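# Here is the input, now give the coordinates:
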Amino acid sequence: MIFHEIKVKYERQTGEDNPKSAKEIYLVDGAVSFADAENCLMAEIKPFIFGDCEVQSCKRSQFFEIFPNKDGEYWYKARVEMITIDGEKETRRTVSVLVQANMLDDAVFALKQALNSYDCEMISIAKTPIMDILHAVQ
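From the prediction side, this is the model:
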């Protein structure tokens with residue numbers, strides 16, 4: 001799955017009179033271009049913007065699989081080595097996956113549960129600064 005990863009800096013309304021500076025990263029799924037991804041993001045965060053807003057970067061990111069959890073607050077990125085055996089030849093391929101959880105232990109558990117049908121090995125897992133995954137409207 002290919003996503004557009006957008007880093008944005010803006011003044012966020014906090015409900016008080018003083019806006020707070022925010023630097024956030026979002027993933028946009030289903031966008032056909034960088035402009036489409038940026039428009040999707042702006043539509044999502046527009047109610048929270050107070051003052052200037054700057055898109056600092058936009059790049060493509062690829063993930064083998066995404067494991068959302070509506071109760072999870074954070075996104076964790078894991079590097080997983082997938083093992084396939086074709087005849088006598090063993091092939092190893094490293095892929096990235098995202099899993100949503102509240103804590104690292106929950107993320108590891110959810111990932112093990114989700115990947116138990118695969119022949120694979122978790123190489124690493126770390127909390128990401130990704131705020132949310134948005135879906136572009138086609």
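
# The protein - how does it break down into domains?
2-61, 65-128 (automatic domain parsing).

# mind putting those in JSON lines, mean neighbour count, mean pLDDT and distance to A136 included?
In short, each C-beta sits where N, CA and C put it, glycine included. Formatted as JSON lines, those follow (neighbours: other CB atoms under 10 Å; pLDDT from 0 to 100; distance: least, CB to CB, whole Å):
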{"stretch": "domain 2-61", "mean neighbour count": "15", "mean pLDDT": "89", "distance to A136": "4"}
{"stretch": "domain 65-128", "mean neighbour count": "14", "mean pLDDT": "92", "distance to A136": "15"}
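
# Relative to H135, tell me which of those wins on proximity.
domain 2-61 (5.1 Å; CB to CB).

# gap between the two ends of the closest one?
Start and end residues of domain 2-61 are separated by 6 Å (CA to CA, to the nearest Å).

# if we can go back for a sec, so which of the domains of the chain gets nearest V137?
Per CB to CB, nearest to V137 of these: domain 2-61, 7.3 Å.

# How far off centre is that closest one?
14 Å (CA atoms, centre = their mean, to the nearest Å).

# Could you list the residues in contact with stretch 105-125?
Residues from elsewhere that reach stretch 105-125, judged by CB atoms under 8 Å, 6 or more residues apart in numbering: 65, 67, 69, 72, 74, 76-85, 94, 97, 99-101, 104.

# how does it look with 7 Å?
67, 69, 76, 78-83, 94, 97, 99, 101 (CB atoms under 7 Å, 6 or more residues apart in numbering).

# Okay, and which of the residues you listed map to strands?
F67, Y76, A78, R79, V80, E81, M82, I83, T94, V97, V99, A101 (DSSP state E).

# Now the third one: closest residue in space, sequence neighbours ignored.
Counting by CB to CB, 6 or more residues apart in numbering, the nearest residue to A78 once its immediate chain neighbours are dropped is I125, at 4.1 Å.
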